[in-house]
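Chemist: Let's see this in three dimensions:
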Amino acid sequence: MILLFPQLFLSVYQYFTGNVFKGANNADISKTLSDALLLLWRVNSLIEFVEFLRVVLRGIFSGNNYVHCFFITQGDYKLEDFYTNRKISSSLARKYQNISSCDCITLTADDGLIQNSYVSLQEKVSVVHVKDNTDNLSKDLLFLVCAKSPIGDSCEFDLFIRHASECFTRLKKQHPSDIEAEKAFAQLPIELDSATDASTMQMILNNYLSQETSSEQCCILLVLHDIGQIVCQIVDDEVLNFEFCHPTDEGLFSHLCRDAQPYCNHDLTQSDKEQLESLFGSEVHSSLCVPITDKHSRQTIGIVCLCNKKKNNSGRFNLNDVAVVNAVMAKTWTVLASSLTLQKERKARQECEAMLQIARNLFTHLDDVGMLLGEIIQEARTLTNAERCSVFLVDKASNELVSKVFDGIVTIDESLDPRQYDFENITEVRIPLSQGVAGHVAITGKTLNISDAYSHPLFYRGIDDTTGFRTRNILCFPIKDHNGVVVGVSQLCNKIKGPCFTSYDTALAEKFAVFSGISISHSLLYKQVEEAGSRNQLANELVTYHMKVDKDDIVGNIPDKQLTLQQFDENFDKFCYPPRSLCPDHKIKACIWMYEDLGLISKFHISMHTLVHFILMVRKGYREPPYHNWDHAFSVMHHAYLLAKNLELNDKLSDLEIIALLTACICHDVDHRGTNNAFQVNSKSALASLYSSEGSVLERHHFAQTVCILSTSGCNIFENMKRKDYAQTLDLIKNIILATDVATHLQIMPQLEDLAKNGLNLSSKNHRMLLLSLCMTASDLSDQTKNWKTTKNTSKLIYKEFFSQGDLEKRMGNLPAIINDRERACVPQLQINFIEHIALPAYKVLANLFAEYIEVYERVQRNLKRWRLVEKEFLSRGLPNNDSLDFLTDEFDRHLFEELGET
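Modeler: Residues are numbered from 1 along each chain as shown. Below is the predicted model:
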């Protein structure tokens with residue numbers, strides 16, 4: 001039926017959807033109503049008449065409105081949907097005769113129009129009454145417009161509706177059976193009754209609509225507002241090899257989604273033509289797109305797209321074709337939508353099964369991050385049909401993305417020369433976190449789906465030029481941990497089947513990213529658990545090999561009477577006293593005395609049994625290298641005790657800080673192996689695997705063993721502290737022990753010198769921590785503050801231990817440092833350098849802060865002078881390095897003292 005020139009209709013439609021909605025004045029409305037009135041009398045079909053009035057009414061009423069059409073017969077109290085023949089009970093059926101042309105009505109919640117979702121309870125509704133002017137029992141048309149009132153002059157609008165009623169009456173007289181014939185024109189094919197799935201239904205509907213509208217091709221597109229995509233899987237009766245996808249806010253389809261009005265076009269623009277030809281896969285001359293809207297949201301949820309009207313049917317689409325599509329989809333959309341939902345649920349179930357299998361595959365490789373990343377690459381590639389894939393982990397320390405499992409082309413900035421990479425044998429790729437596609441995704445945490453890589457500003461094609469590989473499209477998505485923090489990025493290149501990655505690929509990749517993030521997090525956690533196992537193994541080794549304390553030993557060392565200073569030595573609390581001279585049997589009780597004399601036992605309610613058990617466990621925890629042993633620990637603790645007592649630190653530091661200092665000193669070298677930090681790292685020992693990333697390997701181990709001892713049943717001397725005080729004490733002990741690392745001491749030395757220059761601010765937490773660190777260092781080196789005999793003999797023990805390490809390194813095929821090489825070391829020179837650069841500056845700071853400490857500083861200076869004389873004698877004799885300190889006899893000491901003028 002060639003009923004109306006489509007271009008004439010389009011001119012009216014475009015005016016209403018363009019000018020009126022942009023705020024046309026009353027004069028413009030009047031002109032448009034006049035034009036529409038002329039076109040009205042060219043209508044020769046009832047269906048075309050209804051479609052024409054729907055377009056005009058939508059423009060006349062303000063807003064983005066929806067227009068419904070119903071038949072109503074006098075004496076029948078139900079409305080009949082023009083397209084679906086559905087009967088609706090409504091109060092409107094009783095009072096419609098009182099409406100001359102247009103009236104605004106109010107509907108109650110139980111009205112059938114609201115119950116069946118034609119309008120919502122809150123909406124303003126206008127009714128336009130188009131009458132049958134014959135004398136017999138009339139069957140009128142009611143147009144329900146979701147708006148309050150028309151724009152423009154009401155008299156002109158009334159005139160238009162009266163003419164519309166005359167046109168309606170004329171059409172009924174010309175074709176008495178036209179109403180039933182037109183309503184029945186969309187009788188659906190019987191094949192639909194046997195269709196069992198959405199795909200089959202779409203094929204049947206496509207063929208039927210093509211036949212009824214005399215078009216060459218037809219398809220039904222689904223509008224997915226949640227992901228902003230229009231998708232199509234079937235054209236005519238063929239399933240596409242790959243899903244057609246297009247954004248809802250671009251090109252031809254954006255108008256359909258926004259306006260929800262048919263779009264008829266016989267003079268296609270080049271962009272529209274390309275868009276439709278990519279959908280149909282053939283040349284397109286003309287098209288008709290009819291949107292399907294949801295009754296509740298009024299959003300476009302589907303689009304029926306027809307192309308190329310056949311020449312023997314004028315070659316041009318018209319309003320009758322629009323009516324055919326609307327009638328067919330009104331009858332079938334609900335069933336089709338249900339089938340699509342079922343299909344979606346089946347697909348979701350298949351996805352779940354696939355994801356569960358992927359999870360099983362990923363979680364079998366938690367023990368090896370490299371293998372896990374390889375598995376992620378393989379699964380991501382398979383899941384999305386990608387040609388290549390790369391997975392990068394975020395390295396926060398260097399602000400880089402790192403990939404050691406490489407299977408793709410990296411999109412990096414031009415500043416990075418791609419020739420630096422051997423893509424055939426590459427072992428690691430590092431990309432700045434601020435550059436490239438992967439870097440952008442890592443920073444923003446949002447997926448990027450790039451359909452044309454070369455046109456995207458973040459893509460750098462230099463690597464393609466270098467390798468000969470061509471990157472067409474990219475899907476890059478973040479991998480996040482359970483806290484939502486980006487831990488990695490996966491980058492997929494080149495969709496194998498299809499022009500680009502689809503919205504479905506994006507959704508699937510983001511689901512896959514959840515499993516990847518969990519597996520990577522658990523793999524890293526697994527590594528931490530392994531490290532914890534290593535720590536536990538070391539602790540168990542320590543306990544089983546070293547630290548068995550008999551109950552009799554505990555009871556035997558508990559003092560049976562009040563301890564006094566005289567039990568040890570009358571000079572025990574003086575800086576001049578050498579603690580190494582104390583009888584070994586008295587050292588446990590001397591430790592108890594130091595805690596007691598400083599008032600710590602009573603202040604912290606320490607059980608004597610617990611204190612003795614703790615000290616015995618600490619003593620057991622020390623191995624027996626020549627120097628770093630229990631005797632050294634006792635000496636260090638003793639000097640800390642002297643500092644607290646003679647410098648009256650209890651007036652400057654808190655009780656927690658005092659007990660932390662004393663305890664840290666006795667524990668600071670527990671389980672020392674007679675080798676230094678460099679040896680642990682170079683030999684890749686178990687300690688290095690646990691602590692090398694943090695630095696201060698041995699010091700961290702000593703603290704860990706301290707905590708282990710405190711955690712042993714019956715050894716926690718802090719058990720009566722409040723939880724907050726306990727945590728603070730452990731933090732203090734940790735920081736104090738870490739201060740024994742010479743590297744740490746040298747770092748804070750400038751701050752200590754400023755402290756000596758500008759004074760100590762006891763209200764500053766940082767100043768108090770610096771003072772505690774300085775006291776720890778002074779105590780650790782305190783053998784240099786004693787008489788010459790103690791200093792000399794201790795040096796022999798130190799270098800015996802150092803040289804033992806050097807011998808071990810040589811057996812391992814390594815060259816030891818000079819300080820550890822007995823064949824290259826000059827011990828007096830080493831001692832002089834150590835005192836001048838490490839010990840003396842520390843003691844000078846303490847002497848500047850506390851006048852009581854000047855005597856200690858001066859004693860260190862005298863010992864330095866003696867070492868210079870020893871160096872002179874050493875060089876004059878040309879002594880060999882092996883056991884080179886054996887010449888320091890009593891006779892040599894007397895000669896040395898004479899030169900210094902000492903007696």
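Chemist: Now the terminal residues of stretch 772-789, how far apart.
Modeler: End-to-end distance of stretch 772-789 (C-alpha to C-alpha, to the nearest Å): 28 Å.
Chemist: scratch that, stretch 295-304 is what I was asking about
Modeler: By C-alpha to C-alpha, one end of stretch 295-304 lies 17 Å from the other end.
Chemist: contacting residues around that stretch?
Modeler: Stretch 295-304 has contacts (C-beta atoms under 8 Å, 6 or more residues apart in numbering) with 64, 66, 117-118, 120, 146, 209, 218-223, 225, 230, 253, 256-257, 260, 289-294, 325, 329, 333, 337. To be clear about C-beta, it is placed using only N, CA and C from the backbone, and glycine gets the same treatment.
Chemist: Return the set of buried residues in that stretch.
Modeler: 300-304 (16 or more other C-beta atoms under 10 Å).
Chemist: closest to Phe168 among those residues?
Modeler: Nearest to Phe168 among the buried residues of stretch 295-304 is Val304, at 27.0 Å by C-beta to C-beta.
Chemist: So the closest one belongs to a strand, correct?
Modeler: Yes - assessed with DSSP: H, G, I helix; E, B strand; the rest coil, Val304 lies in a strand.
Chemist: Give me the pLDDT for it.
Modeler: Note on Val304: pLDDT of 93.
Chemist: For it, give its distance to Tyr454.
Modeler: For Val304, the distance to Tyr454 equals 35 Å [C-beta to C-beta, to the nearest Å].
Chemist: gap between Lys645 and Gly517?
Modeler: 57 Å.
Chemist: hang on, the earlier thing: and which of the buried residues of stretch 295-304 is nearest to Ser795?
Modeler: For the buried residues of stretch 295-304, the residue nearest Ser795 by C-beta to C-beta is Ile301; the value is 88.5 Å.
Chemist: Helix, strand or coil: sort out that closest one for me.
Modeler: Going by three-state DSSP, the secondary structure assigned to Ile301 is strand.
Chemist: Now render the buried residues of stretch 295-304 as CSV, adding distance to Val681.
Modeler: Listed next are the buried residues of stretch 295-304 as CSV, based on distance: C-beta to C-beta, whole Å:
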residue, distance to Val681
Thr300, 66
Ile301, 65
Gly302, 66
Ile303, 67
Val304, 71
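Chemist: coming back round to it: point out the ones among the contacts of stretch 295-304 that are inside strands.
Modeler: Per DSSP state E, strands hold the following members of the contacts of stretch 295-304: 218-223, 230, 289-293.
Chemist: Touching, Asn101 and Glu156? I think so.
Modeler: One thing to correct before we go on: residue 101 is Ser, not Asn. No - proximity of Ser101 to Glu156 does not meet the contact threshold set by C-beta atoms under 8 Å, at 11.1 Å.
Chemist: ok, the buried residues of stretch 295-304 vs Glu891, which is closest?
Modeler: Ile301 (106.9 Å).
Chemist: if I look at that closest one, how far off is Val636?
Modeler: 79 Å.
Chemist: residues in contact with Met637?
Modeler: 591, 594, 662, 665-666, 779.
Chemist: Now that we're looking at it, what pLDDT does it have?
Modeler: 97.
Chemist: Within the helices and strands, which one has it?
Modeler: helix 630-646 (DSSP states H and E).
Chemist: Tell me where the stretch 401-550 of the chain is predicted with low confidence.
Modeler: Along the stretch 401-550 of the chain, segments meeting pLDDT under 70 span 404-428, 462-463, 466-467, 524, 533, 535-547.
Chemist: now with 50?
Modeler: For the stretch 401-550 of the chain, the stretches with pLDDT under 50 are 408-426.
Chemist: That one: helices as residue ranges?
Modeler: Using DSSP state H, counting those that start in this stretch, the helices of the stretch 401-550 of the chain run over 436-444, 462-467, 503-545.
Chemist: can you redo these as a markdown table with distance to Thr84?
Modeler: Converted to a markdown table, these look like this (distance: least, C-beta to C-beta, whole Å):
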| stretch | distance to Thr84 |
| --- | --- |
| helix 436-444 | 47 |
| helix 462-467 | 56 |
| helix 503-545 | 32 |
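Chemist: still on that earlier bit, so which of the contacts of Met637 wins on neighbours?
Modeler: Neighbour counts for these, by other C-beta atoms under 10 Å, peak at Cys665, which reaches 29 neighbours.
Chemist: and Val555, what does it touch?
Modeler: Val555 neighbours (C-beta under 8 Å, 6+ apart): none.
Chemist: Using the three-state scheme, assign it.
Modeler: helix.
Chemist: Sketch out the helices for the stretch 601-750 of the chain, chain order is fine.
Modeler: Using DSSP H, counting those that start in this stretch, helices in the stretch 601-750 of the chain cover 608-621, 630-646, 655-667, 677-682, 686-691, 697-711, 723-738, 742-758.
Chemist: Nearest to Phe459 among these would be which one?
Modeler: Between Phe459 and the helices of the stretch 601-750 of the chain, the shortest gap by C-beta to C-beta is with helix 686-691, which sits at 40.1 Å.
Chemist: Give me the mean pLDDT for the closest one.
Modeler: Rounded mean pLDDT across helix 686-691 is 82.
Chemist: Can you tell me which of the buried residues of stretch 295-304 is closest to Asp741?
Modeler: Ile301 (68.1 Å).
Chemist: Skipping its backbone neighbours, what lies nearest the closest one in space?
Modeler: Leaving aside its sequence neighbours, Ile301 sits nearest to Asp294 (C-beta to C-beta, 6 or more residues apart in numbering; 4.8 Å).
Chemist: give me phi/psi at the one you found?
Modeler: phi -80, psi 130 (degrees, to the nearest 10).
Chemist: burial count for it?
Modeler: Using other C-beta under 10 Å, the number of residues around Asp294 comes to 16.
Chemist: What of Thr791?
Modeler: 22.
Chemist: List the buried residues of whichever helix or strand it is part of.
Modeler: Thr791 belongs to helix 788-811 when assigned by DSSP H and E. Residues of helix 788-811 classed as buried: 788, 790-806, 808-809 (neighbour count, 16+ other C-beta under 10 Å).
Chemist: so where's the chain shaky on pLDDT?
Modeler: Using pLDDT under 50, the chain drops low at 1-24, 177-186, 408-426.
Chemist: Compute the distance between the residue nearest to Ile301 and Tyr857, please.
Modeler: Asp294 is 88 Å from Tyr857, by C-beta to C-beta.
Chemist: repeat for Leu772
Modeler: From Leu772 to Tyr857 the distance is 19 Å (C-beta to C-beta).
Chemist: between these two, which one's more packed in?
Modeler: Leu772 (22 against 19).
Chemist: I'd say the more buried one and Leu656 touch.
Modeler: No - using C-beta under 8 Å, Leu772 is not in contact with Leu656, being 10.8 Å away.
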